[in-house]
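**Q** Sequence and predicted structure below; questions after.
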Amino acid sequence: MDSQHLLLSAAMQTGAAGARRFLVLFLPHWPTDYLKRRDGGLKAPLVLYEVIKGGLRLAAVDAEAAGRGLSVGQNLADARAMVPELTVREMDRPLLEAAFADFADWHSNASPLVAAMNDVSGFGDLVLDITGVAHLFGGERPMLRLLLTRLRDLGYTVAGAIAPTIGAAWGVSHFARSQVVEMAELETVLDALPVHALRLAPAQIAGLSQMGLKTIGQLRPRERKPLQARFGASLLARLDQAYGMIEERMTPRLPPAELYAERRFADPIGLMDDVLMTCHDLAIQLAIRLEAEGQGGQAFHLFLYRVDHKVMALSVNSARLTRDPEHITKLFANRSERLEGDYDAGFGIDMIRLAASSVSELDAVQLGAFSHQGVAEDLDQLNDRMSSRLGTMAVLKTQLVASHIPERAARLVPALVANNADRAGWPIPVRPLRLLPVPELVAINAEVPEGLPASMIWRRESYKIEKASGPERLGAEWWRSGQRLQLVPPEEKPEKGEKPPHIPNLALFDPAAGTRDYYVVEDESGRRFWIFRQGFYTAENPPPWYLHGFFP
């Protein structure tokens, strides 16, 4: 036994894999089981075919077809000859992929962290991170038994296993009986499994078989460098992942919930009013947990678990950290009004979960007897409710931008994400309340060529200038050559069904246009304008003047 194997054994004994626990569900006949459950008229034996390598080959088989010798990859004509009464359907892969995604999301009612394992097959493998969750079901063994029984009652062929690593749970669920593997027995259990349990490529498995290596226990003591040279680094990576020497991370399908509250129903519910009432109760429970931990959230997710193993998800966002249950409930109520036409409770909802993400520290605020919430907080809550009701891109506000060019110094962003905190403490120059999208050309008369303006003609109307101050000189930003002014950032994508706000097709920025000398002028009626001269004055080529904005 080499030194690397001794190091691996020592790490296994000291628990290097950590304290995480994973549950893998293996559904070998999920496509056919799903279709038979969806269409009661389909009779076994059932197979699904698709065009593979120019021929019609089996892509999925049910348990009865597999028991009669049929297998994935077999020629369809040979399968019909072997089983004349075979029921044959063409595989609708997009339909099955969408259904399996819903099926995977539905299992988040057992654990918030659920992922589909697509590295071996497109369907049939789910992994759940059950760390800190099993006690809700009475322990790991009752939890595994409950999940297996629930799926078998729905008509699915399923096996499962719980282990300290994803690789070990996958291998045990596929090549051993359903069981719970403790850390102390991980090495013994894995050594007895065939090399197929490492999720290797067919070429790697064939090569190991030629070497006479049938089990993982026979493979593990071998020298690692020759194995890597012949089979690649992926073989050693799978081996180390299974034994916990390398961490294998899962990618949850649903956003991981940092804090959540949930309620299960003895009898399924279906009305939206009942859902919102439950949401309010869960918001109170979640607020208590957030307050106890001194936290607040900016994103909240409502998951509705239907009895037909589908999940509906609603998400809302808040402009600032909050744990106010009334505000959270109103956000979901407004959002539900927009989605009322898409709401479908199916055969009923048997569980609802309210989760908070984007959680950060939020200190408690003590209010006096006659205190009230600040205006800024009220305005943020109003923006939150309007965004939930009308859509994110329907409620915009101004965000400051690091630029001294006036038309580039601000842009419109969704009110939920606008944050000017990075401009705190910056000197803010005097600017008009209203800026024209494009500066408009005006005619200016001055007593001396470079003196203050005396009169102005704008849109065929003459204005006599009584007062003027300036200039404020602004230079061109040469590094922005060729860029277009953006009133709304293009990276902010509207929600499904929403149209993006109007983005005017303004001229490209030209740094060669020179500097601008800005003046604040006031006419005889008290109207104040913001005008500028583009470039320096020369007798041969006097610079043009433009009107850019209006002061109140």
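**A** Yep, it's here. Residues are numbered from 1 along each chain as shown.
**Q** For Gln285, which non-adjacent residue is closest in space?
**A** Ala261 (4.0 Å; C-beta to C-beta, 6 or more residues apart in numbering). Just so you know, the C-beta spots here come from the backbone N, C-alpha and C atoms, and that holds for glycine as well.
**Q** Touching, the one you found and Thr278? I think so.
**A** No - the pair formed by Ala261 and Thr278 falls short of the contact definition of C-beta atoms under 8 Å, at 10.1 Å.
**Q** mind listing the strands for the stretch 201-350 of the chain?
**A** 259-269, 295-306, 311-322, 349-361 (DSSP state E, counting those that start in this stretch).
**Q** Comparing these by mean pLDDT, which bottoms out?
**A** Ranked by mean pLDDT, those bottom out at strand 311-322, which scores a mean of 83.
**Q** Paired strands for it, with orientation please.
**A** Taking DSSP bridges as the criterion, strand 311-322 forms sheet pairs with strand 295-306 (antiparallel).
**Q** Export the strand it pairs with to PDB, keeping only CA atoms.
**A** Output for strand 295-306, consisting of C-alpha atoms alone and laid out as PDB, is shown next (Å, rounded to 0.1, in the frame of the first residue of the first chain):
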ATOM      1  CA  GLN A 295     -31.000  40.100  10.300                       C
ATOM      2  CA  GLY A 296     -33.100  41.500   7.500                       C
ATOM      3  CA  GLY A 297     -33.700  40.400   3.900                       C
ATOM      4  CA  GLN A 298     -34.000  42.000   0.500                       C
ATOM      5  CA  ALA A 299     -35.300  39.000  -1.500                       C
ATOM      6  CA  PHE A 300     -38.200  36.800  -0.500                       C
ATOM      7  CA  HIS A 301     -39.400  33.600  -2.200                       C
ATOM      8  CA  LEU A 302     -42.700  31.900  -1.800                       C
ATOM      9  CA  PHE A 303     -42.800  28.200  -2.900                       C
ATOM     10  CA  LEU A 304     -46.100  26.500  -3.400                       C
ATOM     11  CA  TYR A 305     -45.800  22.700  -3.500                       C
ATOM     12  CA  ARG A 306     -48.600  21.000  -5.400                       C
END
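**Q** Kindly calculate the angle that that strand makes with strand 259-269.
**A** Between strand 295-306 and strand 259-269, the angle formed by their directions is 20 degrees, by axes from the mean of the first three to the mean of the last three C-alpha atoms, to 10 degrees.
**Q** Could you tell me how far strand 295-306 lies from the centre of the chain?
**A** What separates the centre of strand 295-306 from the centre of its chain is 13 Å, taken as C-alpha atoms, centre = their mean, to the nearest Å.
**Q** again with stretch 253-264
**A** Taking C-alpha atoms, centre = their mean, one finds the center of stretch 253-264 at 14 Å from the center of the full chain.
**Q** end-to-end on it?
**A** Between the opening and closing residues of stretch 253-264 there is a gap of 22 Å (C-alpha to C-alpha, to the nearest Å).
**Q** go on, stretch 112-130?
**A** Counting by C-alpha to C-alpha, the length from the leading to the trailing residue of stretch 112-130 is 8 Å.
**Q** likewise stretch 526-541?
**A** Counting by C-alpha to C-alpha, the length from the leading to the trailing residue of stretch 526-541 is 32 Å.
**Q** Pull the residues that contact that stretch.
**A** 431-432, 439, 442, 444, 449-450, 453, 456, 463, 471, 474, 513-523, 543-552 (C-beta atoms under 8 Å, 6 or more residues apart in numbering).
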